[in-house]
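Q: build me a structure from this.
(one chain, ligands or ions: 2)
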Amino acid sequence: MMRTRPLKVALLGCGVVGSEVARIMTTHADDLAARIGAPVELAGVAVRRPSKVREGIDPALITTDATALVKRGDIDVVIEVIGGIEPARTLITTAFEHGASVVSANKALLAEDGAALHAAAEQHGRDLYYEAAVAGAIPLVRPLRESLAGDKVNRVLGIVNGTTNFILDKMDTSGAGYSEALDEATALGYAEADPTADVEGFDAAAKAAILAGIAFHTRVRIGDVHREGITEVTAADIASARRMGCTVKLLAICERAADGQSVTARVHPAMIPLSHPLASVREAYNAVFVEAEAAGQLMFYGPGAGGAPTASAVLGDLVAVCRNKLNEAPGPGESAYTRLPVSPMGDVVTRYHISLDVADKPGVLAQVATVFAEQGVSIDTVRQKGRQDGGGEASLVVVTHRAPDAALSGTVEALRKLDTVRGVASIMRVEGE
Ligand code: NDP
Ligand code: HSE
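A: Numbering: from 1, shown residues only. Ligands and ions are numbered 1, 2, ... in the order given. Just a heads-up that it's a prediction; the model follows:
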């Protein structure tokens, strides 16, 4: 039976994502109504600049007073696509207090204050859904939260930032410069309002925190995630990766420790072999591997950024939340019962690719090897090439076996102190083997 009285939706933000949400709500209104069991009506749109022309949106719906909109009392669902911490956080909690459920794409906020938002939703018997906050269009939050709720997830590894993947891909395949590739990603609507969040890894770290929390039924905040961005990745690193049969990707890796007593979450650039499925993830696409005890390895792949793909995830949540509203039964809330501690990066076991400029004379290789041995780091391969420029230097590339990150960074620190090591040209972790 179709309910005739519409469910009222307030849209907070009408930028790259919000404008696509409004467009799909209008063009697919009949289908959405049939799937939900009631029509959905856009009841108000909060923006910062009211005079901006917004195609397909009734100007009478536009307001700059987002607070008044969420306090109206007749709003069933608030869609928050403003971004950032404030005023989004206060608007969301105010929405719960005034009877609305919330759909948000705001990973920065959820990774900072997700626990408090979940608590507020639960206190008021409302829903908080945020599929769009991680990996754009790719269904990942709901599969982890619901489909895999009966399994034990041990590892989540993937590319979760479209902008940085776009930049690294362009640098690798077309030789584009960093700034040129970033400008193109911004123009295509992939980058955040401040692209620092993308290129310095904050955006991916927020997504890693959300994924780790859901996957391991614990609480992980963005501050718990070890974070390195791509601003230090050079054309030389990419060329070096190529010579090893690898490519460079910004990875988010969340792991449950072998003893099951702690978790780790990290974001950093890494070399991965060209044969690895993540190596062929191009442009702004995202891909995430989930390893679960019973299910084995699952791979989720698709557009990770952009207005329409992200709106798809928002609309999916809108349908779910509206159905819950009609059934007067909120969906699943936060599951954080394991309360596992988050271990520091030094405990993570990984591999390093280290490129050194060294003096080209007898005994140098032995000296370098001794430093690795002293730190308990086993060497996998060494490649040395003398320079032909007459400067008496050679390039030495060392790839290690797996070792604790603390031992690897201790090794690099000790190498820097050797007189025969003229410089550490690049250090990058190697993953996916
Ligand atoms: P935009 O910057 O394009 O849009 C932000 C919107 O919020 C604009 O319409 C802006 O108004 C409005 N706004 C800003 N401040 C206020 C305020 N104080 N009150 C009312 N409205 C305000 O951002 P995006 O659409 O790109 O991103 C929105 C959210 O979606 C963010 O949380 C982002 O992280 C997330 N997201 C974005 C993706 C993407 O690919 N772009 C992908 C996945 C998630 P005005 O139009 O007047 O400037
Ligand atoms: N700026 C983000 C990205 C948007 O590039 O992935 C999607 O969350």
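Q: roughly how far apart are Ala137 and Ala120?
A: Distance, Ala137 to Ala120, by CB to CB, to the nearest Å: 27 Å. Heads up, the C-betas are built off the backbone N, CA and C, glycines and all.
Q: just Gln375 next, same as before
A: According to CB to CB, Gln375 and Ala120 sit 48 Å apart.
Q: just Gly423 next, same as before
A: For Gly423 relative to Ala120 (CB to CB), the value is 52 Å.
Q: likewise Thr94?
A: 10 Å.
Q: could you do Glu112 as well?
A: 14 Å.
Q: go on, Arg429?
A: 38 Å.
Q: mind listing the helices for the stretch 51-200 of the chain?
A: Taking DSSP state H, counting those that start in this stretch as the criterion, the stretch 51-200 of the chain carries its helices at 66-70, 88-97, 107-123, 141-142, 162-173, 178-187, 196-199.
Q: make that the stretch 251-400 of the chain, sorry
A: Counting by DSSP H, counting those that start in this stretch, the helices of the stretch 251-400 of the chain are 307-326, 364-374.
Q: what about the longest one and ligand 1, touching?
A: I take that to be helix 307-326. Yes - looking at helix 307-326 against ligand 1 by CB under 6 Å from any ligand atom, the contacts come from Thr310.
Q: quick check: buried residues in that helix?
A: Neighbour-count burial for helix 307-326, counted by 16 or more other CB atoms under 10 Å, picks out 307-325.
Q: so who does the closest residue to Ala121 other than its chain neighbours touch?
A: Distances taken as CB to CB, 6 or more residues apart in numbering place Leu128 nearest to Ala121, at 4.1 Å, with adjacent residues excluded. Taking CB atoms under 8 Å, 6 or more residues apart in numbering, we find Leu128 in contact with 92, 101-102, 104, 117-118, 121, 333.
Q: okay, now the unreliable bits of the chain?
A: Applying pLDDT under 70 to the chain flags residues 388-390.
Q: what about the residue in it positioned nearest to ligand 1, neighbour count?
A: Going by CB to the nearest ligand atom, ligand 1 is nearest to Gly15 of the chain, at 2.0 Å. Number of residues near Gly15 (other CB atoms under 10 Å) recorded here: 17.
Q: OK, contacts around the residue lying closest to it once chain neighbours are set aside?
A: In space, and not counting its chain neighbours, Gly15 is closest to Val81: 7.1 Å by CB to CB, 6+ apart. Counting by CB under 8 Å, 6+ apart, Val81 touches 11-15, 17-18, 21, 104-106, 314.
Q: can you do 7 Å?
A: 12-13, 17-18, 21, 105, 314 (CB atoms under 7 Å, 6 or more residues apart in numbering).
Q: same check on Arg54?
A: With CB under 7 Å, 6+ apart, Arg54 has these contacts: 14, 19, 62.
Q: just the element for the second one, please.
A: Ser19 belongs to helix 16-27 when assigned by DSSP states H and E.
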